[in-house]
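> Got a predicted structure here, sequence first:
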Amino acid sequence: LAQNAEKKHALIAYQIAFDLYESEHQKILTQVTEIVATQKEEAAPQDKNVLEKIIDIISGKKPRAINKEFLKEASHSDPILIGQIKDNIPQNKSVPHEACLWANAIMNAGTTNDQFLKENLDWVAKASHWSKFSATSTLGLIHKGNTEKAREILNPYLNESHVTSSPYSGSGAFYAYGLIHANQYNPDVITYLLDSLKNHSQNEYISHGICLGLGMVGMATADKNLYEELKNVLYLDNAISGEAAGLAIGLIMLGSGDEEAIRDLLAYAHETDHEKIIRALSLSLAMIMYMKEDAAETLIEQMAIDKDSIIRYGGMFMIGLAYAGTSNASCIKKLLHFGVSDVNDDVRKAAVMNLGFILCQNANKVPKIVQLLAESYNPYVRYGATMAVGMACAGTGMKEALDLLIPMLDDSIDFVRQGVLVSLAMVLIQQNETSEPRLKDYKAYLDKTYKDSHEDILVKFGAIISKGLLEAGGRNCTISVVSKAGNNKTASIIGLTVFSHFWYWFPYINFISLALTPTPLVALNSDLQIPKSFQVKCKSKPSMFAYPEYLKKEDPTKNIKKETAKISTTLRVQQRAKRKGKDVEMKDDKPEEKKEEEKKAEEEKKAEEEKKKEPEPTSFMVNNMERVTPQQRESLECPEESRYKAILKDELYGFILVEDKQEGEKEEFLGDKKEEEKPKEEVKMEDIPKEKKEEEEDPNIPEEFEYDPLIQEEPEQIFQKNIYFKPLLL
């Protein structure tokens with residue numbers, strides 16, 4: 001297609017490349033990129049340009065740049081919301097403090113908006129030990145994909161002197177560095193992290209963050225060199241660094257089915273005494289067998305009957321990942337069996353949870369299958385049922401899922417309610433109160449939960465994280481495990497797999513970044529430019545898919561009742577009237593003020609009523625590079641009078657290639673450089689008034705001073721150099 005002379009064939013080739021990129025399997029994308037690069041060298045000169053563009057798409061360079069621009073420019077995150085959360089949580093407890101930081105990071109994931117951190121440095125700096133690790137790592141979530149400025153942002157934390165003096169925040173910075181480059185293989189980044197690992201191999205805290213970073217960057221590459229380096233860290237038998245190294249091996253060997261790695265990891269899982277390492281290795285073995293189906297059966301049987309419950313736990317995840325999206329009846333039966341019969345609660349929980357992965361391509365079946373399990377006497381089984389529904393039905397707003405989850409908000413067990421809150425947030429992401437009326441009550445429940453001083457800390461944690469998920473990526477991201485072409489999204493499934501372990505280790509929350517998917521409409525022409533004039537018609541009311549309204553700042557004096565002073569004569573008259581049994585009406589001291597307030601209230605009511613009376617349009621136009629929610633997709637159509645014709649008529653969302661029917665005519669494109677501003681007219685001395693002229697001719701010359709860049713530069717410039725973040729590190 002790429003080497004065909006017709007432009008339409010090139011457009012189809014670009015569309016296939018975008019669909020392939022959405023599969024998120026780094027090894028496959030790397031192999032295809034190498035094949036196309038080889039063809040480019042042998043291709044005719046006129047075909048090289050097309051092949052170069054295909055390489056930019058498959059390697060992720062083009063789609064990542066577009067998504068980054070969209071998330072930054074179209075962000076609708078509410079700054080008041082995160083401020084409210086911060087002001088209403090206990091200031092002396094680390095768990096709500098960390099939850100608030102992660103909520104802020106998820107709300108601003110990929111937007112590069114770290115304003116909240118800048119404005120609350122003293123509050124952020126309260127973090128200590130592993131909380132400091134978590135706080136620093138959230139920068140990776142906020143700046144995800146901002147690879148060009150990654151070192152600049154994290155440099156104060158990554159320099160040698162700081163890493164040595166503050167290992168927790170230094171380790172968090174390495175983790176953040178991996179998050180920024182997650183699922184984007186870069187040899188320079190790998191080399192930098194490996195060198196850092198060798199320099200800090202004796203420090204278990206720093207090694208923990210570096211290993212997690214390596215796993216994120218080298219995801220699904222099956223890089224043998226990386227495997228050997230991480231195995232050396234694992235064999236040191238340190239619980240902290242070994243856990244991260246074990247998990248990183250699974251991320252790097254994802255879907256490879258490598259027999260050597262399986263043999264080494266399984267043997268070491270039986271040798272070590274550290275539960276942290278055993279759990280990480282069991283999960284890694286499951287990831288190595290991702291989508292291997294029948295090839296994984298022998299290992300599944302071996303792990304499922306192991307004496308160690310943690311290894312059996314990993315066996316449940318192996319069933320879920322090896323058969324992800326297949327709806328395999330035999331595997332569903334097997335998981336249901338373990339979910340009700342295993343003697344260990346964690347194994348039962350994992351078995352039920354992985355039903356969500358097997359049925360992710362048929363999410364509408366999940367609520368029905370786990371309905372009875374959601375009523376189990378065992379709270380771990382109930383928790384697994386909630387997470388299965390949340391992960392499979394994420395971003396769908398499915399009625400059946402909500403009908404199952406909402407009644408479980410009254411569960412008597414704290415961690416079950418936490419799972420319900422998080423799962424509801426995943427299902428309701430990108431919904432508004434018009435499309436789903438129950439969202440209003442759910443938000444009110446969340447506010448009540450995290451503000452209640454008597455509520456359990458785990459439930460508070462879940463409520464705060466849920467607030468972040470509802471606003472994910474500036475309200476422009478959803479969670480989806482299935483691509484536009486109907487294939488499994490590898491990174492999303494693995495991201496949710498590790499994220500679901502936040503109950504065990506809070507920093508795994510950052511893995512949700514792999515599952516967050518931006519939802520723009522991006523129409524591109526044959527030159528991969530974004531036409532400004534392209535629009536699609538949405539056959540629905542605007543309110544159905546509008547952004548939720550921003551919160552309004554509360555007036556602190558609004559609810560304070562003003563007591564009117566009563567003079568002694570007034571009191572005597574009232575007392576005399578009581579004795580006589582008469583009612584005395586006293587004149588209002590300030591009738592005018594009350595009348596004004598009543599008038600304002602009446603005017604506001606009238607304005608609201610007038611808005612309601614105005615008929616809402618039954619359709620509206622969606623511009624290029626605007627948000628399109630998953631529920632909105634079915635109601636989109638391309639107008640017949642449009643200048644552009646979409647290659648895929650039935651899929652007018654995400655990245656779509658369009659054919660120009662009026663080729664040659666002038667068109668504006670998004671991202672074009674703005675016209676240079678016209679130079680301001682010079683002000684002549686004659687136009688200046690006499691007094692000002694004298695001031696300019698004879699200015700007050702300041703005293704001599706020494707230039708200090710930290711003082712003289714503008715605050716924004718100082719922050720760009722990361723000076724504002726230094727208090728966080730102390």
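Received the coordinates, thanks.
> can we go C-alpha only for contacts and neighbour counts from here?
Fine.
> and residue 438, what is it in contact with?
Residue 438 makes no contacts at all, as judged by Cα atoms under 8 Å, 6 or more residues apart in numbering.
> An error on my part: the question was meant for residue 59.
By Cα under 8 Å, 6+ apart, the contact list for residue 59 reads 21, 29, 30, 33.
> Only the buried residues of the helix or strand hosting the third one, if you could.
In this case it means residue 30. Using DSSP states H and E, residue 30 falls within helix 26-42. Of the residues in helix 26-42, 26, 27, 28, 29, 30, 32, 33, 36, 37, 40 count as buried by neighbour count, 16 or more other Cα atoms under 10 Å.
> Reformat the contacts of residue 59 as TSV; add distance to residue 127 and pLDDT.
Output for the contacts of residue 59, formatted as TSV (distance: Cα to Cα, whole Å; pLDDT from 0 to 100):
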residue	distance to residue 127	pLDDT
21	38	89
29	40	85
30	40	85
33	43	86
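> As JSON lines, the residues you listed with distance to residue 450 would be great.
Shown next, in JSON lines, are the contacts of residue 59 (distance: Cα to Cα, whole Å):
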{"residue": "21", "distance to residue 450": "39"}
{"residue": "29", "distance to residue 450": "43"}
{"residue": "30", "distance to residue 450": "45"}
{"residue": "33", "distance to residue 450": "48"}
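> Now tell me what touches the host helix or strand of residue 99 from outside.
Using DSSP H and E, residue 99 sits within helix 94-107. The list of residues contacting helix 94-107 from outside it, by Cα under 8 Å, 6+ apart, reads 77, 82, 85-86, 89-91, 116, 127, 131, 134-135, 138-139, 141-142, 457, 460-461, 464-475, 509-510, 513.
> Buried ones from the residues you listed, can you make that a ChimeraX selection?
The buried subset of the contacts of helix 94-107, as determined by 16+ other Cα under 10 Å, is captured in ChimeraX by this line:
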select :77,82,85,86,89,116,127,131,134,135,138,139,141,142,457,460,461,464,465,466,467,468,469,470,471,472,473,474,475,509,510,513
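> related to what we said a few turns ago, need the buried residues of helix 26-42 in TSV (columns: distance to residue 59).
Formatted as TSV, those follow (distance: Cα to Cα, whole Å):
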residue	distance to residue 59
26	9
27	11
28	10
29	7
30	7
32	9
33	7
36	11
37	11
40	15
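> what's around residue 93, how many residues?
Neighbours of residue 93 under the rule other Cα atoms under 10 Å: 11.
> How about the backbone phi and psi for it?
phi -120, psi 130 (degrees, to the nearest 10).
> same deal with residue 529?
According to degrees, to the nearest 10, residue 529 has phi -100, psi 160.
> now residue 657
phi -90, psi 140.
> Which residues does it form beta bridges with?
Note on residue 657: beta-bridge partners by DSSP bridges are residue 524.
> re earlier: cross the contacts of helix 94-107 against helices and list the overlap.
The members of these that map onto helices under DSSP state H are 82, 85-86, 116, 131, 134-135, 138-139, 141-142, 457, 460-461, 464-470, 472-475, 513.
> quick one: low-confidence parts of this protein?
Applying pLDDT under 70 to the chain flags residues 1-6, 554-601, 604-613, 672-730.
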